[in-house]
Every structure is written in C-alpha cells, then in structure tokens.
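# Sequence and predicted structure below; questions after.
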Amino acid sequence: MLEPDPNYFSSFVCSGEIFELKAELNSDKKEKKKEAVKKVIASMTVGKDVSALFPDVVNCMQTDNLELKKLVYLYLMNYAKSQPDMAIMAVNTFVKDCEDPNPLIRALAVRTMGCIRVDKITEYLCEPLRKCLKDEDPYVRKTAAVCVAKLHDINAQLVEDQGFLDTLKDLISDSNPMVVANAVAALSEIAESHPNSNLMDLNPQTINKLLTALNECTEWGQIFILDCLANYTPRDDRESQSICERVTPRLSHANSAVVLSAVKVLMKFMEMLPKDLDYYGTLLKKLAPPLVTLLSAEPELQYVALRNINLIVQRRPEILKHEMKVFFVKYNDPIYVKLEKLDIMIRLASQANIAQVLAELKEYATEVDVDFVRKAVRAIGRCAIKVEQSAERCVSTLLDLIQTKVNYVVQEAIVVIKDIFRKYPNKYESVIATLCENLDSLDEPEARAAMIWIVGEYAERIDNADELLESFLEGFHDESTQVQLQLLTAIVKLFLKKPTETQELVQQVLSLATQDSDNPDLRDRGYIYWRLLSTDPVAAKEVVLAEKPLISEETDLIEPTLLEELICHIGTLASVYHKPPSAFVEGSRGVQHKRLPGSTGLGESLESPDTGSAAGGSDAPPAVIPSQGDLLGDLLNLDLTPPATTGPPPPPTSGMQLGAMDLLGGGLDSLVPHQSSSSPDYSPTEVGPGGMGAGFGAAPAASPASFSAPVSGGLDDLFDLGGGVGMPMGAYNPPKTVWLPAMKGKGLEISGTFARRAGIIQMEMTLINKAMSVMTDFAIQFNRNSFGIAPAGPLQVLTPLSPNQTIEVALPLNTVGPVMKMDPLNNLQVAVKNNIDVFYFSCQYPISVLFVEDGKMERQVFLATWKDIPNDNESQFQIKDCHLNSDAASSKLQGSNIFTIAKRTVDGQDMLYQSMKLTNSIWVLAELRVQAGNPTYTVSIPLLLHFKYFCISFSL
C-alpha cells in the first residue's frame, strides 16, 4: 500500500528540477529512483506538466518493487495518450508482467493496458488479455473481465474478432462470485452501447448461476448482478416466485444501493405473481421495512429514497399503506425532503388515515416556510378530491386557514376550493360569501383567476356578481393572460345567466379582448364567444354553460407507460428525475427502453402503426409500450393511447331557447369591418407617404380553417440538390430572382429572396435604378396572405437611389398581419411605392422560412399524433437527384428547422421521422425514406386535423 506524504505535493517543478528528476530517475539506487517517481506523480497530481520525463519513467518499469511499478503505471495511464509513440516502448514490459508469478502484478499490468486508450497499443493487448481471462487466479480473471469492456469501448470490432465476448460469457459460469459479477458488469456495459446485440442471453441456467454468486460477492458485485436479473423475463409465475425468494434477503443489506436494486427486481417480478397467491401478500409485507429504513439515512439519501418510493406507491400503494407516520415531516428536514414527503402522504391518503393526515397538514400550514405552506394547503385540497368522505372536513379546515388572513395562505386556499367545487358541484357553495370577503387581498394571477371562475360559475347565486367582475375589468390590460381569459369566460357566463342586466358589460369585455388585445389566444376566444352570441344564442348557452366533467382524483400521476419504464430503472438517475434515460442521456450510446412483464401480452406483436392492442381486460393500464413488431412502436419504444373520441353533439333543444334575436344588439358587424374575399384591393390612396400599414384591406374575422393548396419551394430547395454534400449544413436560402422588371417598374428593378436568420424572417432585396431620375420616398406594403406575413417596420432606403445605382435592403417580417388563403398557399402580393409611382408584383416565399426553431415535437406526442392519422390521409412525393445519405440529409434539414425525431433502418432503407412547426402553430409531420445508392427520396406527409395538431401537404 502506498503511504501518502503531503510533502511531495508542496514542491513545485520548474525547468531546473526537471533535469534533477531526470538524473534521479536514472539513478542506480532503487530508493532514490522510487523517491523521484513519487515526486513526478505528485507534480502530475497537482497539474504540473512532467510529460518530458516520459522515457525516463518508462525505464523504471523494469523493477520487482510493486510500489514503484504501481507508480509508473499510474504515470503511463495519464500521459500515454499524449505520447502514443513512446507508450509503445512499454508494451514489452506489459506483456512480460502479464506472465509474472505474482497475480497482483499480472492484474496490474492488464488493468493498466486497458486504461491506456491508445489505438496503437490495443493490438498488443489481445494476447496478454486472452491469457489473463483464463488465468488460474480469480483476481486476475475479474480484472481482465473489466478490461474487455474498456477495450470494447476503444475498438469494438477487435474485441468481437478476437472472441473476447464469448470468453466473457463463459466467465458467468466461473466458480468465483467476483469474477461472475465483473463479467456481468462488463457484458452489461457493452450491451448498453449496443442495445440490439443480445449479448446478455439470459436463460434459467444462467440466472441460477447469478443467484448463486449473489450471496457471496461484494456489495457492488451484487448490484451488477441484481441489475442484470432485472432485465430477465421469467417464463412463468413459478420461476418468478423462485427468483423473488432468493433475492429477498438482499433487502436487509446495509448498502442502500443494493436494497434499491433488490426492490427493482422484486417490483418487476411481482407483476407475474397472481394476487391471490399467499406469497404475494408476504412479499408486500417484506418490501415495506427496507424502504422505511432508508428514510433514517442522511437527507440526500432520504431524498433519493423518497423519489423512488414515490414511483413505488403510484404502482403499488398497498406496500406502504400502513406506514403513513414515517412520512410525517420533521422540523429539521430540508425543504426538498419535506416536499417529497408531503407528496407521498397525499398518495397514501385513504379513508382510514385521512383524519391523521389532515391534522398534520393543518399544522404544516402554520409553518414559516412559504413554499412548504403553499404545498400543504394544496395538499388539503387534494385530500378532499381524493377521499370524498373527508371533503367536508377539508373545506372546514381551508375556511379556518382563510380566517388567518395570511395572504399567501388565503390565495392558495381559494385555488384549491375552486378544484373542490369542480369535484363536488352544488355541495359546498355556502362558502362563496367567505371567499368574496377576501377579494381585495388577491394579487396572484392563479388565485385571481380561481376567484373569477367561482364568481362566473355561480353568478346566479351572487347578487353583486356583475359588480365583482366589473372591478376586475377596470385593469383588464394589466392582468396576466390567465386572468384575462378567465374574466372573459366568466362575464360571458354571467351574461347568459342574466342577459338583460349585463349586456353592456359583455360588450365591453368582448371589445377589450378582440380589438384592444394583441394576445392571439384571448382574441380568438373573444371572437368565438362574439360569433356564438351573435348568431346562435342557444348554441352559445350549450357550449359555455355545458356540464363540466369532474376533475380526476390524481392529476399529477405519472403516465402509466412511463411509470412502468421508471419502475425498471429504480435506483438510477431516471428514478430521481422521474424521466426516462432517453430524456437526459446523450451521445452515441443507445438507450434501451424497458417495460414490466405482463404489461402487454407476451409474444404479441403489432403488425402496423395503426393496429391497436385489443387484448387485456378492463383493468389493463390505459397505455402500454408496443412490442417490437410494431414499426413505430419499435421506433420510439413508447406508446400513448389516442384520446377517446366522442360522438357528435346533440342538436339544440328548445328548452335552452333564449330567443332568436341578436343578444348583443348588432353583433360583431358593428365593430369588425366587412371583409371581402375577392381579389386584392390595392389602392394608391392607401399607400401614402405617411401611413404604410400592415395590410391593404380590413382585418379578417378569423384565420382559415384549413390549408390544402400545394406550396412550391419546399423540400427540393432545402436539400439543395445541386449543391453537393460538401456544402455547409445551414438553413437553405434560395437565390435572388427578379420580382419587378425595370420595364414594369418605370426603371426600378427589384430582385430578392427570403431568408430566416436568428429566428426572424427577412425579405432581402436588391433595388436597381435603371431610370434617368433619382428615386426617393420608398415604402412597402403586403396584401393579406395565408400566413399573415407583414413588414415588421418601414422599408429602410436611407439615401436617394441615383440613376444606375444599386442598393441592398433587408426588410424584417413578422407573421401578425391579416390572414387570407392564397393560391398557391405561399403567394405574397406586394406593393412598393416611391416618388414616381406605386408598383405591384407577386412573389413566392419558401415554406421553410415559416418553420420555427421550437419545431421539435416530443417523441411521445409525435407517436400519439402519427398513430391518430388514418392511412388514407397520407400523401407521398418523390425527390429526385439527391445524393446525400440520410445523416447528411437530416443535418441539412435541421438547418431549416426540420427536426428528425427518430431514425430507423429497415431492409437497408433509412426512414427519418421528422416534425416541423409553422409560425401559426401548425405542426407538419413527415416520413423521409432514403435508400442507399438510390438518388430518389420518398416523402410521406400525413394530413391530420386533431386538436391543435394538423398537418399540411405541400409539393416537394
């Protein structure tokens, strides 16, 4: 064992000392040589560059002194990468040391060779490694097993060619448990980087060997073996029970990592045990004590344990249903532990323990930590929603908290009471008067929105509801969007309940929302309400005052498919983040999605993306991970069940009739100008020197409902087919073309193109004066168009344009202008004015400039959306003469904000699944198929109108 000496680290190496060390390293005295190497290692440790001594240190390898040899090997591992040619000098010594009689030296040699990540050395490592893998000493074999994984990381092909993987598999049957554990660790490491290699071919015989070794190896060896066991799927419930019985003793281990790994194995294999089996109940009882014990560790370990317990209680709350008290918060717990405990308390709350839980939560609500108090108040509301028998007691507790007049407590209480009203309508409305007393103290958007919802929902029971809502309306533009939307809806509800008294109020709010607001969500909702009220009051009442669905008991549960995957990752970072590894692990290593056995029928396969699983009873989880036969399921390894569709709404009934008259006395027409759908209404009078507006005509009442016209300038341009592979990967900008010839522009020639730079669309133009007179007073205006493109500012031509002069102009654009469907869809009609005349021309912008930077759709959403689309809604296009491979094409398209969500290779054909998002929040999904050696690509674009996702077809 090396004895540390702090004096070595206090010295500094300068150029003069390098020569002294060189002399000492070449000394004949062994002690002097060892001291010199110690000084070199100390200097290296504190960051000094002692690479100049490489040949001299390597010469010291020829020694029988184990301490000196360790020091030299340590130096070699650090500097071999920067001195690869010199490192080869040490190969002979490594080979010789691998045959040393001392097993410690043999193991040291093969470990060091594995740590030297130099390609030139790897070929010399093979023969010594092969011998060490079959060494008689288990210490050497276990070290060599890990070395195979290191060598595979450097040169995977070499490891496969040399047959080391087969040797590694043989070591699983080794008589020494540590060799078995290291072989499992090495194979698992290699399998992670090659998820489809099927290296860990587990069978009952192999599992039996692993379970035998489990009892005798070290704690980290046990973790490796348990993690390997978790990847095995038993043949039947009898085998599953047998494995559980042999893993259960690990629950009493002192190392928390071993305990969590054992819990992971048991949680997975419990899925295959019948619930009526006696052993199933016994296992549930055995799982609780080790989890409780983990909460007696230091706070950081408690937090990790709590995050894992949170997953476990979502899957099997019965394990800890009698252990509520251990999750009660202690006064000295850190805030992150307190919040996790609070979350688990709610998940375990039931009719049997609700009184105990509420008493605790009421105490927590009087603490000094504001964040903790807020969460405690919300927890009381969640208890009321989850346990119906406790709702009245919870409401009473919340009213007591409101009487404290503590501002943030009152506001949180109002938010949760709104949810209680949603869960239990017409039951606790007697508390509304108390809530209204605290109206003036509300200053947080969520609390204000909740109070407005309550007033609007129960307006017929509140005498002065109109006065209360009008008080909010006074500062409408200063409110957050959340409050504005809620206020708009509440006033419309009030109007439908009391039409004669609130006509002026509803007109005021609709005017504020549609005319004075620049928020598109608020404006759209305002227009919808206005049109409903103006044209069909009966429909308006049915829509706005429709019966609302009851809110669910647990709104923050993890989605079942994701929960299954996270259960398979208990004891890892994924279980702490509550995210799958693919969400935070980057790089070339593949991340294999895992699932619990029995979550889908074993042996089932889905034949196409549209084939849903019909198996399973009513108690099956609402979403499952598709089996490998499903093309898209295998692509993303995650399935989200499409939302259930409901039937068409019933026809209006006469019972809701409010009268055929226009409730608003004039409707929208009095405030929204008439819109013509005829040809562009350019008028020279509208393009005056002082007032270049955003558009030529009146604002449209609404955006077009769908887009179906083909768009040119699509992916053909993006691939830059004539540009070659060597072009830099960035957004494609088409070359400039002549938009306005000098003949039509009275001497003014305009050529231009469109580009997207730093998230801003730009119209880049070249203006040439081919007339004999000076041109000044330039201005520009666009007609209404499909995507609302409009100038973001005036056309900046700072100097007069003299005869034969050329000037470059970049005009920034936005997409908040008036919308009208054009044919083709990307057509833009432009008017340019100068001191001579007004000129009109049309141009077409490439659709790619509308693709925004946040157009990468979440993988789960992509799959769910794609699978919602019927097969007959798909259009295919051919892109010819494209000589990029799939990776180059994907990179080039990403420069234009076309993002590859996933890639598959099937029968030699690469399939890229891509998403784009337009500036008007329309999503475009596409599948690009690339066949090696075939210059023709196939693009499939599905058309979907499903909530906010619908895709448009455009010609390629």
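That came in fine, so what should we check first?

# Give the rounded mean pLDDT of the helix or strand where Trp530 lies.
Here Trp530 sits within helix 520-535, counting by DSSP states H and E. In this model, helix 520-535 carries a mean pLDDT of 90.

# what's the spacing between the helix or strand just after it and its chain's center?
Note on helix 520-535: by DSSP H and E, the next helix or strand toward the C-terminus is helix 537-544. With CA atoms, centre = their mean, to the nearest Å as the basis, helix 537-544 stands 38 Å off its chain's centre.

# what do you get for stretch 530-545?
The answer for stretch 530-545 is 39 Å, by CA atoms, centre = their mean.

# which parts of it are buried?
Going by neighbour count (16 or more other CB atoms under 10 Å), the buried part of stretch 530-545 is Trp530, Arg531, Leu532, Leu533, Ser534, Pro537, Val538, Ala539, Ala540, Lys541, Glu542, Val544. C-beta here means a position set from N, CA and C on the backbone, and glycine is covered the same way.

# Save those residues as CSV, and put in distance to Ala355 too.
What follows is the buried residues of stretch 530-545, written out as CSV (distance: CB to CB, whole Å):
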residue, distance to Ala355
Trp530, 50
Arg531, 51
Leu532, 47
Leu533, 48
Ser534, 53
Pro537, 49
Val538, 48
Ala539, 47
Ala540, 45
Lys541, 43
Glu542, 42
Val544, 40
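
# Tell me the one of those residues nearest Asn215?
Nearest to Asn215 among the buried residues of stretch 530-545 is Val544, at 67.4 Å by CB to CB.

# quick one: Asp56 and Val72, what's the gap?
Distance, Asp56 to Val72, by CB to CB, to the nearest Å: 10 Å.

# Give me the more crowded residue out of those two.
Remark: of Asp56 and Val72, Val72 carries more neighbours, 25 against 20, as counted by other CB atoms under 10 Å.

# So what does that one look like in phi/psi?
Backbone torsions of Val72, given as degrees, to the nearest 10, read phi -70, psi -40.

# cool, and Ile760?
Ile760 has phi and psi values of phi -120, psi 130 when expressed as degrees, to the nearest 10.

# That one pairs with what?
Arg757 (DSSP bridges).

# my guess is it meets Thr815, correct?
No: using CB atoms under 8 Å, Ile760 makes no contact with Thr815, being 10.7 Å away.

# These two: who's more crowded?
Thr815 (18 against 13).

# Pull the contacting residues for the more buried one.
For Thr815, the contact set (CB atoms under 8 Å, 6 or more residues apart in numbering) comprises Ile761, Phe787, Gly788, Ile789, Ala790, Leu850, Thr919, Asn920.

# Roughly how far does the nearest residue to the last one once chain neighbours are set aside sit from Ala459?
Yep, that's Asn920 we're talking about. Nearest residue to Asn920, sequence neighbours excluded (CB to CB, 6 or more residues apart in numbering): Phe787, at 6.0 Å. Computed as CB to CB, the Phe787 to Ala459 distance reads 40 Å.

# same check, this time on Asn231
To Ala459, Asn231 is 59 Å away according to CB to CB.

# Which one's more surrounded, those two?
Using other CB under 10 Å as the criterion, Asn231 and Ala459 rank with Ala459 on top: 22 against 15.

# Let me see the contact set for the more buried one.
Ala465, Asp466, Ala490, Lys493, Leu494, Lys497, Lys498.

# how about those, which pair is most distant?
Within those, Ala490 and Lys498 form the most distant pair, 12.4 Å apart (CB to CB).

# Those two - which one has more neighbours?
Neighbours were counted for Ala490 and for Lys498 using other CB under 10 Å; Ala490 has more, 24 against 15.

# For Asp369, see how far away that one is.
33 Å.

# Then Asp135?
Between Asp135 and Asp369 the computed distance is 59 Å (CB to CB).

# Name the residue in the two with the higher neighbour count.
Neighbours per residue (other CB under 10 Å) separate Asp135 from Asp369, with Asp135 holding more: 20 against 13.

# Can you tell me the element the more buried one falls in?
Here Asp135 is assigned to no helix or strand, by DSSP H and E.

# Tell me how many other residues crowd Pro128.
By other CB under 10 Å, neighbour count at Pro128 equals 22.

# Could you do Pro334 as well?
Other residues within reach of Pro334 by the criterion other CB under 10 Å amount to 12.

# List phi and psi for it.
Torsion angles, degrees, to the nearest 10, at Pro334: phi -60, psi 160.

# That one contacts Pro299, doesn't it?
Yes: counting by CB under 8 Å, Pro334 touches Pro299, with 5.0 Å between them.

# and the nearest residue to Cys228 once chain neighbours are set aside, what is it in contact with?
Of all residues not flanking Cys228 in the chain, Val184 sits nearest, at 4.8 Å (CB to CB, 6+ apart). Residues near Val184 by CB under 8 Å, 6+ apart: Ile172, Leu210, Phe224, Ile225, Cys228.
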